[in-house]
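# Here is my input, please return the structure:
(one chain, ligands or ions: 1)
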Amino acid sequence: MFYLTEQFFSIQGEGKYAGVPSYFLRTGGCNLSCPGFGATYEVDGEVRYGCDTYFAVDSTYAKLWEKVDESITLIKKLKNEFTKIGYKPNMVITGGEPLMYHNDKTFYEVVSWLVEEGIQITFETNGTVEIDFDLYPAYQSCIFALSLKLANSGEPASKRIVPQALKNLQSHSKETFLKFTIDSILVESSAINEINEIRQILPELEVFCMPVGESRDTIWKNDKAVFEFCMKHNFRYSDRLHIRVFDTTQGV
Ligand code: SF4
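Here you go, the predicted model:
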C-alpha cells in the first residue's frame, strides 16, 4: 500500500529532461522535512516551515492523499490516461520521497508494469534510500534524478547525504544525475564547497542547479545568481518551467 497525493499529465519542468511531456505520480510522505526551503503554511493556527511540496510531505495532509492498495486499479487508470493522451508518455515518480515505497508490493508492481510497457521512468529522489537492485530488478531500468539537499534545506548533513545509498543508485540504475536547488545566499557562501564534497562521492555525474522558489516571485529572486554560478563552475542551469508558467498552482 502506498499513498498518492496527485497524478497528472504535464511537461517535466526541471532537470535533464525538462521540456519532455510526462505523466506525474506524486507519492505522499517524506523522510526529510526541509524546513529551510522557505515555504510557510498553517495547520490549525500553527505556522510550519517546509519545501514547496509540503502538502505531499506533512502527514497532516494524509487524509487528502489517495491510498493505493491494489496495483491493478492504478494500472487500469494509467492505461485509460495513456489512451486519452494518445501515446505512452515518460513517467516521473516524485514526492515527497517516492523511494520510501520502493519495497512496497503494490508500488513495485506498478513500477514493474511501467518498465514492461517500455515507458521511461524518472524518480525524483533525495537520494537517501538504499535499494536492493537484485531483489527489485525493475529499478535497474529507471533513471534517478538525485535531488540532494544542501545546507539551505535546514536538514543536518548526516540525514541528507547518505554516501552508500548514492553509490548504490549510481552503479545499478540506467542513469543518474545530480540536481541541486540553491538560492542567491548559498551561491555566495557554501554552495560550491557542498557540491564539490558530494562530487567526491559521485565524481562522474552531470550537475544541474536550479533556483529555490515555490512561486514565480521567489524564483525571480534567485535565478540570476544560479545562472551565473552555473557558468562559473561549468554546471547545467535548470529552470523550473512549471512554476514559471503556472506559478503556485498544483497538479500541473
Ligand atoms: S526531501 Fe524533497 S520532498 Fe522531502 S521535504 Fe525535502 S524538498 Fe520536500
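# For residue 2, which non-adjacent residue is spatially closest?
Leaving out its chain neighbours, the residue that sits closest to residue 2 by Cβ to Cβ, 6 or more residues apart in numbering is residue 101, at 4.2 Å. For the C-beta atoms, the positions are set from N, CA and C on the backbone; glycine is no exception.
# Could you do residue 177 as well?
Residue 177's closest residue in space is residue 206 (Cβ to Cβ, 6+ apart), at 4.6 Å.
# Might you report the residue contacts of the residue nearest to residue 2?
2, 27, 107 (Cβ atoms under 8 Å, 6 or more residues apart in numbering).
# In helices, which of those fall?
In helices, defined here by DSSP state H, the members of those are residue 107.
# Of the contacts of residue 101, which is the nearest to the ligand?
residue 27 (9.7 Å; Cβ to the nearest ligand atom).
# is it true that the closest one touches residue 102?
No. The pair formed by residue 27 and residue 102 falls short of the contact definition of Cβ atoms under 8 Å, at 10.4 Å.
# Pick out whichever of the two has more residues nearby.
Remark: of residue 27 and residue 102, residue 27 carries more neighbours, 25 against 21, as counted by other Cβ atoms under 10 Å.
# Can you give me the end-to-end span of stretch 179-190?
16 Å (Cα to Cα, to the nearest Å).
# buried stuff in that stretch?
179-184, 186-187 (16 or more other Cβ atoms under 10 Å).
# hmm, it touching the ligand?
No. Stretch 179-190 lies out of reach of the ligand by Cβ under 6 Å from any ligand atom, never closer than 7.5 Å.
# cool, stretch 113-127 as well?
Yes. For stretch 113-127, a contact with the ligand is found by Cβ under 6 Å from any ligand atom, at residue 126.
# One more: stretch 137-145?
No. Stretch 137-145 is not in contact with the ligand by Cβ under 6 Å from any ligand atom; minimum separation 11.3 Å.
# State the mean pLDDT of whichever helix or strand residue 76 is part of.
Assigned by DSSP states H and E, residue 76 belongs to helix 71-85. In this model, helix 71-85 carries a mean pLDDT of 98.
# And for stretch 162-172?
Stretch 162-172 comes out at a mean pLDDT of 98.
# Only alpha carbons, please: show it as PDB.
Provided in PDB are the C-alpha atoms of stretch 162-172 (Å, rounded to 0.1, in the frame of the first residue of the first chain):
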ATOM      1  CA  VAL A 162      24.000   9.000   2.600                       C
ATOM      2  CA  PRO A 163      27.000   8.000   0.500                       C
ATOM      3  CA  GLN A 164      26.200   4.300   0.400                       C
ATOM      4  CA  ALA A 165      22.700   4.900  -1.000                       C
ATOM      5  CA  LEU A 166      24.100   7.300  -3.600                       C
ATOM      6  CA  LYS A 167      26.800   5.000  -4.900                       C
ATOM      7  CA  ASN A 168      24.300   2.200  -5.000                       C
ATOM      8  CA  LEU A 169      21.900   4.200  -7.100                       C
ATOM      9  CA  GLN A 170      24.600   5.400  -9.400                       C
ATOM     10  CA  SER A 171      26.100   1.900 -10.000                       C
ATOM     11  CA  HIS A 172      22.900  -0.100 -10.500                       C
END
